[in-house]
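Peer 1: My questions are about this predicted structure, shown below with the sequence.
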Amino acid sequence: MSPVIEVSREELLTRRDEILGRLRVDLSEYRQHAREHRLTSDEWAVRDELDGLLFLLGEESLAI
Amino acid sequence: MEENTALADQARAFASTLQDTIRRVLPSEAVIGARFTPSANALLVTPLSGSSVAEIPLTVGGEPVAFWSFSFQMTLDSSGAFLKTVKSAFALRSTFEDIPLARLEYDGNMRTAPVSHWQFHGERGAFSHLLARAHAMKKYVTDRPHSLSSVHFPTGGERFRPGMEDFLEFLVRECGVDRVDGWQRAIEEGREIWRRFQMRTVTRDLQAEAAQTLRDLNWTVTPPADFEESVGRAIKRW
């Protein structure tokens, strides 16, 4: 049976900030890198997870 | 609360179907699950490790060579009764680096690029030359001509886009990753479910076309009295 997990807004924000903090960029910088097709290797590693977090938070998704 | 239960039940069924297909194709114990936020009516289906997003290891001859990741971003549809995919992404990357090799993505909110497309992370000098010349005259052409990943290769639009099974078969047949006995049957069964679902949606989009096709096959089909043909945008956009 597949797990279905309810997550809170606070958990999502914490995880989002962890990811961006590790990359040392803020969300607007990350969005710009994605829009301009110049994500670094480390930024690519978290791209789908970050996009998923933004979706669950009801925020605009990343450019593809 | 009832809506949350319905959302969770459908999510579990959808994720279980994906998990079953993947485990019948790849030598993998991948867990596919969903995370959701009731307040945003949003649901994310991905491979999971505990409660975190995970990748699925791919092997050739038993040796790890690559990772496969995917996600389905879903909401309840306008009726509030069924899950709808608003965005999906499948990515293949080598064990050597984090930049993907290839991605197959669908985003129903795309404005100019095709809603369903492949993107390839590679270089090709002749293609870059074409794109650079075009961008010099037409600014809507990518301003990253050296980066093939900025080009979106269309794959049939919203209705005729590939399903997960197509990506799985690409991994097995074209990339040669290890698979388990019976893989082809699992893929064909999953693909049939996907295409039957899409067929129902296309039938709603093109009711007169569907009815005429059935009449041509000697069915008797009568339209409702108030029928007016209205072809949705999904049939026309790339």
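Peer 2: That came through, no problem.
Peer 1: got the residues of chain A near chain B?
Peer 2: Within chain A, the residues that sit near chain B (Cβ under 8 Å from any Cβ of the partner chain) are A:1-9, A:12, A:36-39, A:41-42, A:44-45, A:48-49, A:51-52, A:55-58, A:61, A:64. Just so you know, the C-beta spots here come from the backbone N, C-alpha and C atoms, and that holds for glycine as well.
Peer 1: buried subset of these?
Peer 2: A:2-4, A:7, A:12, A:37, A:39, A:44-45, A:48-49, A:51-52, A:55-57, A:61, A:64 (16 or more other Cβ atoms under 10 Å in any protein chain shown).
Peer 1: Could you list which of those residues belong to strands?
Peer 2: When those are checked against strands (DSSP state E), the matches are A:Val4.
Peer 1: In contact with the residue nearest the centre of chain A, which residues?
Peer 2: By Cα atoms, centre = their mean, chain A has its centre lying nearest to A:Leu50, at 1.6 Å. Under the criterion of Cβ atoms under 8 Å, 6 or more residues apart in numbering or on different chains, the neighbours of A:Leu50 are A:16, A:19-20, A:30, A:62.
Peer 1: if you set the cut-off to 10 Å instead, what comes out?
Peer 2: A:15-16, A:19-20, A:23, A:27, A:30-31, A:34, A:43, A:61-62, B:53 (Cβ atoms under 10 Å, 6 or more residues apart in numbering or on different chains).
Peer 1: ok so, going back, in helices only, show me the buried ones among the residues of chain A next to chain B.
Peer 2: With DSSP state H as the criterion, helices contain A:12, A:44-45, A:48-49, A:51-52, A:55-56 from among these.
Peer 1: want to throw the residues you listed into CSV with pLDDT and distance to B:Arg144?
Peer 2: Shown next, in CSV, are those (pLDDT from 0 to 100; distance: Cβ to Cβ, whole Å):
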residue, pLDDT, distance to B:Arg144
A:Leu12, 96, 31
A:Trp44, 95, 15
A:Ala45, 94, 20
A:Asp48, 93, 20
A:Glu49, 94, 24
A:Asp51, 96, 19
A:Gly52, 96, 25
A:Phe55, 96, 25
A:Leu56, 96, 29
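Peer 1: Could you provide those in CSV, with additional columns for distance to B:Glu189?
Peer 2: CSV is the format used below for those (distance: Cβ to Cβ, whole Å):
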residue, distance to B:Glu189
A:Leu12, 35
A:Trp44, 33
A:Ala45, 33
A:Asp48, 27
A:Glu49, 30
A:Asp51, 30
A:Gly52, 27
A:Phe55, 29
A:Leu56, 30
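Peer 1: ok, so of those residues, who is nearest B:Leu131?
Peer 2: Taking Cβ to Cβ as the measure, A:Trp44 is the one of those closest to B:Leu131, at 21.2 Å.
Peer 1: who's in contact with the closest one?
Peer 2: Here A:Trp44 is in contact with A:33-34, B:91, B:93, B:97-100, B:121, B:149 (Cβ under 10 Å, 6+ apart).
Peer 1: Separate out the buried members of the residues you listed.
Peer 2: Buried among the contacts of A:Trp44 by 16+ other Cβ under 10 Å: A:33-34, B:91, B:93, B:98-100, B:121, B:149.
Peer 1: hang on, A:Glu59 packs against B:Ala40?
Peer 2: Yes: using Cβ atoms under 10 Å, A:Glu59 is in contact with B:Ala40, at 9.3 Å.
Peer 1: and for the two, which residues touch both?
Peer 2: A:Leu12.
Peer 1: can you tell me if the strand ranked longest in chain B touches chain A.
Peer 2: Taking DSSP E as the criterion, chain B has its longest strand at strand B:63-76. Yes: against chain A, strand B:63-76 shows contacts by Cβ under 10 Å from any Cβ of the partner chain at B:69-75.
Peer 1: CSV for those residues, including neighbour count and pLDDT?
Peer 2: What follows is the residues of strand B:63-76 next to chain A, written out as CSV (neighbours: other Cβ atoms under 10 Å in any protein chain shown; pLDDT from 0 to 100):
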residue, neighbour count, pLDDT
B:Ser69, 20, 97
B:Phe70, 24, 97
B:Ser71, 21, 97
B:Phe72, 24, 97
B:Gln73, 24, 96
B:Met74, 25, 95
B:Thr75, 17, 92
